[in-house]
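**Student:** this is a predicted model, with the sequence first.
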Amino acid sequence: MKKNKGWFILFVGPILLAFLVVQIIPIFIGMYYSFTDWDGIGNQANWVGLQNYIEIFTQDEGFLHAFAFTTIFAIVSVFIINIIGFGLALLVTKEMKGNNFLRGIFFMPNLIGGLILGFIWQFIFIKAFDWIGAQLGVSALQGWLSTTMTGFWGLVILMSWQLSGYMMVIYISALQGIPESLKEAAAIDGANYLQRLRHIIIPLVAPAFTVGIFLSLSNAFKLFDQNLALTNGGPYNSTQMLALNIYSTAFTYNKLGLAQAKAVIFLFTVAIITLTQLYYNKKKEVEM
Amino acid sequence: MKYKKSLVFSLITVLLFSLFLTGCGEKEVNQTDAPTTQKETQKTEKEDKKETVEVDIFQFKVEVAKALEEAAKVYEEEKGNVKINIQTVGGGDDYGAALRAKFQSRQEPDIFNVGGPQDVEDWMDTLEDLSDQPWVDLALPGMLSGATVDGKVYALPFNVEGYGFIYNKRIFKDAGIDVSQIKDFASLEKAVQELDGKIKAGDLKDKYPLLEAVFEMPAKERWVTGLHASNAALSQEFDSSIAAYEAKEIDFKYADAYKAIIDLQANYSANSETKDRLVAVDYATQVDEGLAIERVAMIQQGNWIYGGVYDIDPEVADNLDILPMPIQGGKEDCIPVGVPMHWSINTKSTPEKKEAAKDFLNWLYTSETGKDFVVNQFFFIPPFEGYEDLQPKDSLGKAVKRYSEEGKTTPWVFMGYPTAWGEDVLGVEIQKYLAEKVTWEELVEEVKTKWTESR
């Protein structure tokens, strides 16, 4: 036991120290600032108690709206991302030509930075969709990103396109971990493909679903650069998500104290939601 | 087994050693840091001509970044003992955020930029009093007002910029419209209607195949609608940004005239039937893919677009001119002209650095070489006297200068709006108005309340 402790300090110590310095301590400093009226410029931050928190829930409609919008966005995009990701994984684990090539292609959007993606998709939605709509006479394709609805779906499409490939990689490794014998046995017993999928494959990749849903859920809540580049909250701040709302409070309105209070609420919400999700998903996993 | 053990051992030694080294390194820096700076200051006091003074500039105007570096090089050669480091971060919000980060991380620049009265107040603790500088007496009337507090000047105005309805002279000429008669809103509206009729009838199709509307309106760029357009109306109410800054509430007396300007642009844009789509129109669509390719004939913008349009079509760029932004019932035949940004000096820098920084700014705006850079490389319209021989060469710079000389200007008061009021309140409300989510009366009510609330 004594020996173990030495190893622990040696290997975990440096990382723990780094984690403490760049994560834990800043979180507490941030919490302190959330009780002040700091403007981010001088060093004079006056203690205002809970006033920032009260202001958020009584006066700040923007934040509550952003909260609701982000939640709906997270629910919709988690479903879409994981369904597409899992579908792609099933597709590329089939025996067929060009598998590896396809995997690379599907994963690639994930390698592009969020800002660039946002601007590319902005062009596609506004210019390309508009042109196609005009050619085909479909007015639903025109005027994208100019309404809340199209802005919302624009974000969902962008996010799904970017993250599905990443989730696919996670599901591929899970799918490959399923012993052939199980599937074969089921096939011999007369189970068709859908039955095998439902009763053998999906239960066995459940641990991967835990990870996949966790990642997409937390990413959807934390979404910032794509939001900034694609809609920047427009039209009329109706597609402003939580992170962007916090940013604008801090750097447009110069209310860093208030923004910090929002960030604290944000941190706790994301933590509670994702931990609850982890807890329930873990329960559903089966041991092989 | 033995091999494994020795491997583990060597790994640990390497790890420990690297830890030890990094720890040591930091200490070394910390220990030697203080003495050297002391030595440095001692040295500079004793033999200040020989020691190089470094001046860090953190600035925001991307368009001039390159030319500014060249100017700095010329200056360094002239002086010999100064080194100037320039760092540029563009865009409104980004610059503010980056500047804060700089100050918080103790990498304070010696020269940085501030906007209007709000910025000056926010950064007051760091601003050096520049009232004794030679350029103060050379400033044109009203140009220092944005950075003057209690009679003290805290920053040097960058340049003068003006905006209005920038139009393509060729299109108006070919449509047979005489722009010299446009002096008020009624005549402007008439000209716009006439041109609109001709475009719709296809009269200009042969010469301008892309031309589809009179205006393009970038409601997505809330600074265009919320800051600039509203300034036309509110500059009739306040005579300077300071007055706006000090106002506890606004009457919005010319709200209807402001509505007329917004409606005019929206009703004669390509999206006149689907106005809600205007909220997705951005700057590039308005300028690069609008005015520059002759898809539209007129836009609300300022003389800063010249370079961008020139890069796309020099001929269009040289055929641009500015029409007034008429506010019915107020001063109609005029454009808003003002100072967008200021240079300021960090009062917490060392005396040597501050001296060098002051000298550099002074050199840039008053020496012959500096002036040449300002006018011919930065394409600035200088806010100072003594530039009589150096006239702006671009069409829009000339236009702004013409309006200024004829006294047909109103001030930029939007620098004195409450923080974020112009863009995040009024600009957003304009988007709602275009999407028909609010009526004009509701909009006026809302923005007035928000103004009072934030004061």
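**Tutor:** Thanks, I have it.
**Student:** quick check, pLDDT for the closest residue to residue A:225 other than its chain neighbours.
**Tutor:** Once flanking residues are discounted, residue A:225 sits nearest to residue A:114: 3.4 Å by CB to CB, 6 or more residues apart in numbering or on different chains. Quick note: C-beta positions are derived from backbone N, CA and C, even for glycine. Looking at residue A:114, its pLDDT is 83.
**Student:** kindly report the same for residue A:77.
**Tutor:** So, for residue A:77, pLDDT stands at 93.
**Student:** give me every residue in the stretch 151-288 of chain A lying close to chain B.
**Tutor:** A:232, A:234, A:235, A:236, A:237, A:248, A:250, A:251, A:252, A:253, A:254 (CB under 8 Å from any CB of the partner chain).
**Student:** and the nearest residue to the fifth one once chain neighbours are set aside, what element?
**Tutor:** Spatial nearest neighbour of residue A:237, chain neighbours left out: residue B:428 (5.4 Å); criterion: CB to CB, 6+ apart. Using DSSP states H and E, the element containing residue B:428 is helix B:428-434.
**Student:** and the residue in the stretch 51-200 of chain B that chain A sits nearest to, how far from residue B:107?
**Tutor:** Ranked by CB to the nearest CB, the top residue of the stretch 51-200 of chain B for proximity to chain A is residue B:97, at 4.4 Å. The spacing between residue B:97 and residue B:107, counted by CB to CB, to the nearest Å, is 14 Å.
**Student:** could I get the pLDDT score of the residue nearest to residue A:237?
**Tutor:** As predicted, residue B:428 sits at a pLDDT of 91.
**Student:** same check on residue B:7?
**Tutor:** 51.
**Student:** can you get me a residue count around the closest residue to chain A within the stretch 351-455 of chain B?
**Tutor:** Closest contact between the stretch 351-455 of chain B and chain A, by CB to the nearest CB, is at residue B:431 (4.1 Å). By other CB atoms under 10 Å in any protein chain shown, 26 other residues sit near residue B:431.
**Student:** contacting residues for the residue nearest the centre of chain B?
**Tutor:** The structure's chain B has its C-alpha centroid closest to residue B:340; by CA atoms, centre = their mean the separation is 4.5 Å. Residues in contact with residue B:340 (CB atoms under 8 Å, 6 or more residues apart in numbering or on different chains) are B:115, B:158, B:159, B:161, B:412.
**Student:** which of those lies closest to residue A:4?
**Tutor:** Distance to residue A:4 across those (CB to CB) is lowest for residue B:115, with 59.3 Å.
**Student:** run a quick neighbour tally on that closest one.
**Tutor:** Around residue B:115 there are 24 residues (other CB under 10 Å).
**Student:** shouldn't it be in contact with residue B:341?
**Tutor:** Yes: assessed by CB atoms under 8 Å, residue B:115 is found in contact with residue B:341 at 6.0 Å.
**Student:** who has more neighbours, residue B:97 and residue B:107?
**Tutor:** residue B:97 (17 against 11).
**Student:** on contacts alone, who are the packing partners of the helix or strand containing the more buried one?
**Tutor:** Using DSSP H and E, residue B:97 maps to helix B:92-104. Contacting helix B:92-104 under the criterion 3 or more CB pairs under 8 Å, 6 or more residues apart in numbering or on different chains; DSSP states H and E are the following elements: helix A:242-251, strand B:53-59, strand B:111-114.
**Student:** for the record, mean pLDDT for the shortest one?
**Tutor:** By that I understand strand B:111-114. For strand B:111-114, the per-residue pLDDT averages 90.
**Student:** and for stretch B:141-155?
**Tutor:** The model assigns stretch B:141-155 a mean pLDDT of 85.
**Student:** what does stretch B:118-128 give?
**Tutor:** For stretch B:118-128, the per-residue pLDDT averages 86.
**Student:** swap in stretch A:58-72?
**Tutor:** pLDDT averaged over stretch A:58-72 gives 89.
**Student:** end-to-end on stretch B:149-169?
**Tutor:** Terminal residues of stretch B:149-169 are spaced 42 Å apart (CA to CA, to the nearest Å).
**Student:** could I get the buried residue list for that stretch?
**Tutor:** B:153-168 (16 or more other CB atoms under 10 Å in any protein chain shown).
**Student:** any idea how far the nearest residue to residue B:217 once chain neighbours are set aside lies from chain A?
**Tutor:** Spatial nearest neighbour of residue B:217, excluding adjacent residues (CB to CB, 6+ apart): residue B:265 at 4.2 Å. The gap separating residue B:265 from chain A is 16 Å, by CB to the nearest CB, to the nearest Å.
**Student:** circling back to that earlier point, wasn't the residue nearest to the centre of chain B part of a strand?
**Tutor:** No: Residue B:340 sits outside any strand when classified using DSSP: H, G, I helix; E, B strand; the rest coil, being coil.
**Student:** point out where the chain drops to low pLDDT.
**Tutor:** Reading this off chain A. Applying pLDDT under 70 to chain A picks out residues A:1-3, A:43, A:286-288.
**Student:** let me rephrase: I mean chain B.
**Tutor:** Ranges of chain B meeting pLDDT under 70: B:1-50, B:91-93.
**Student:** how about the residues of it near chain A?
**Tutor:** Near chain A, when you scan chain B using CB under 8 Å from any CB, you find B:12, B:15, B:19, B:93, B:96-97, B:100, B:103-104, B:122-123, B:125, B:220, B:274, B:276-280, B:285, B:419-420, B:423-424, B:428-429, B:431-432, B:435, B:437.
**Student:** quick one, which of the residues you listed are buried?
**Tutor:** Using 16+ other CB under 10 Å, the buried members of the residues of chain B next to chain A are B:96-97, B:100, B:103, B:122-123, B:220, B:276-280, B:285, B:419-420, B:423-424, B:428-429, B:431-432, B:435, B:437.
**Student:** need the CA coordinates for the host helix or strand of the residue nearest to residue B:217. CSV is fine.
**Tutor:** Under the criterion of DSSP H and E, residue B:265 resides in helix B:255-267. Extracted in CSV, the C-alpha atoms of helix B:255-267 (Å, rounded to 0.1, in the frame of the first residue of the first chain):
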residue,chain,number,x,y,z
ALA,B,255,-38.2,58.5,-34.9
ASP,B,256,-40.6,58.8,-37.8
ALA,B,257,-37.9,60.2,-40.1
TYR,B,258,-35.7,57.3,-39.0
LYS,B,259,-38.5,54.9,-39.9
ALA,B,260,-38.7,56.6,-43.3
ILE,B,261,-35.0,55.9,-43.9
ILE,B,262,-35.3,52.3,-42.8
ASP,B,263,-38.5,51.7,-44.9
LEU,B,264,-37.0,53.4,-48.0
GLN,B,265,-34.1,51.0,-47.9
ALA,B,266,-36.2,47.9,-47.2
ASN,B,267,-39.0,48.8,-49.7
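**Student:** sweet, I'm off.
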